[in-house]
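J.: Give me a 3D structure for the following:
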Amino acid sequence: MHIETFTVGMLSTNCYVASCEETKEAIVIDPGMDFSSEAKTIFDLIEQAHLKVKFIVNTHGHRDHINGDTLFQGRYQVPICIHKQDANFIENLQTSIYSPNIMLLDGDTVEFGVETLKVIHTPGHTLGSICLVGEKLVFTGDTLFALGIGRTDFPESYPSLMRQSLDKLTLLPDALVIYPGHGETSTIGIEKETNPFLTFRDMLGY
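T.: Here you go, the predicted model:
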């Protein structure tokens, strides 16, 4: 799997283009750009690399992760994929002229070319937050960052569910590379050793 990372929007969201090197099928994860010029940079990369976009995937429904959904759906006419419990965030983005949007559930898979990402439901930051787990990596959205986690003080956030979701992630292989919704990459193993929300969770309320 080939990963291209773009930092977009006012909140410096990581937008990822993940592609299958064999077939050139690709997905766009969290296109949260605020400006069409940011989208154009990604369009150019996709087209110069001759990628065939199959899905737009949102790790959750906050605006800084979905702002560009309609730009990409309009250009590539592909479904938006989001967990069923965050579907309300994209209701105003839906349009009947494109493929039906896909409501994801825990255990579902997102397949492009020979690549497969498994959906893990990780509520806490929002009710419908998900992570996408591949053979060597995991896209963690705003559930887990390098040395941090997503906020749980929003009306749609649930600290108790975040604790359970973090427990799920600590069971993943240590070698998995983390591609978070904001900030730098890391690994599950490094975060288990250094992330205060994992190492001192009782003290911090997690």
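J.: From now on I want contacts and neighbour counts done on CA atoms only, so please keep to that.
T.: Noted.
J.: Low-confidence ranges, this protein, go.
T.: Low-confidence segments of the chain (pLDDT under 70): 92-100, 201-206.
J.: Centre-most residue in the protein?
T.: Among the residues of the chain, the one closest to the centroid is Thr59, at 3.4 Å (Cα atoms, centre = their mean).
J.: Secondary structure class of Ser160, three-state.
T.: Under DSSP: H, G, I helix; E, B strand; the rest coil, Ser160 falls in the helix class.
J.: For it, the count of nearby residues, please.
T.: Neighbours of Ser160 under the rule other Cα atoms under 10 Å: 13.
J.: do you know how far it is from Ala175?
T.: According to Cα to Cα, to the nearest Å, Ser160 stands 27 Å off from Ala175.
J.: Same question for Asp34.
T.: Distance from Asp34 to Ala175, by Cα to Cα: 33 Å.
J.: Can you pick out the residue with more neighbours from these two?
T.: Asp34 (18 against 13).
J.: Which residues are in contact with that one?
T.: Val8, Gly9, Met10, Asp64, Asn67, Gly68 (Cα atoms under 8 Å, 6 or more residues apart in numbering).
J.: Most neighbours among the residues you listed, which one?
T.: Gly68 (25 neighbours).
J.: what about Asp44, which SS state?
T.: For Asp44, the assignment made with three-state DSSP gives helix.
J.: And it, how far from Val138?
T.: 25 Å.
J.: if you go through the chain in chain order, where are the helices?
T.: 36-48, 63-66, 69-76, 159-170, 188-194, 196-199, 201-204 (DSSP state H).
J.: Out of the ones you listed, flag the one nearest Ile3.
T.: helix 36-48 (11.6 Å; Cα to Cα).
J.: No further queries at this time; thank you.
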